[in-house]
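1. Please work out how this folds:
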Amino acid sequence: MIRKTIIAIVILLVVFISFFFLKEPSKTTVMPQALVGMWGTDSPKYADCFIKIDEKLVTLDLGENGTTAYPFKGLKKSLDGNREFYEIVYEPPGEPERTLRFEYRRANGGTIHIRNQQNVVWTRRVAP
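-> Okay, the predicted model is just below:
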């Protein structure tokens, strides 16, 4: 009986510590200056496209599908060693929220690597 009580207490302590000490990605509504600007790529598939990020809007130019600006709603940042991961939340009018997920690398003036675009590197074309 005492053994079961001790095991239960240990499990509760582990759950308690995990709940309060595991880091959730930080959330903010302020766009970091490192991300602000016009981003483009040399990838032939996205040659006519760009991503523009500023403090209030996320603008996506999808080539033939046109350019659309979306209100910026929030941002999550998480770190994994030296790697920075971002999730920009934006809301198309009349539609559910969407999220642009990518890794930002500071080297060489900064690059963006969108999670669902293997081997595509977005570089800053125009600074803020």
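2. in its sheet, what does the longest strand along the chain sit against?
-> As assigned by DSSP state E, the longest strand anywhere in the chain is strand 67-80. Looking at strand 67-80 with DSSP bridges, its partner strands are strand 26-28 (antiparallel), strand 57-62 (antiparallel), strand 83-90 (antiparallel).
3. Redo those as a markdown table? Include distance to G74.
-> C-beta coordinates here come from the backbone N, C-alpha and C atoms, glycine included. Shown next, in a markdown table, are the strands paired with strand 67-80 (distance: least, Cβ to Cβ, whole Å):
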| stretch | distance to G74 |
| --- | --- |
| strand 26-28 | 6 |
| strand 57-62 | 11 |
| strand 83-90 | 4 |
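4. Adding mean pLDDT, distance to G40 and mean neighbour count, write these out as TSV.
-> Shown next, in TSV, are the strands paired with strand 67-80 (pLDDT from 0 to 100; distance: least, Cβ to Cβ, whole Å; neighbours: other Cβ atoms under 10 Å):
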stretch	mean pLDDT	distance to G40	mean neighbour count
strand 26-28	59	25	11
strand 57-62	88	9	17
strand 83-90	92	17	18
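5. who wins for proximity to T41 among those strands?
-> The closest of the strands paired with strand 67-80 to T41 is strand 57-62. By Cβ to Cβ, the value is 11.5 Å.
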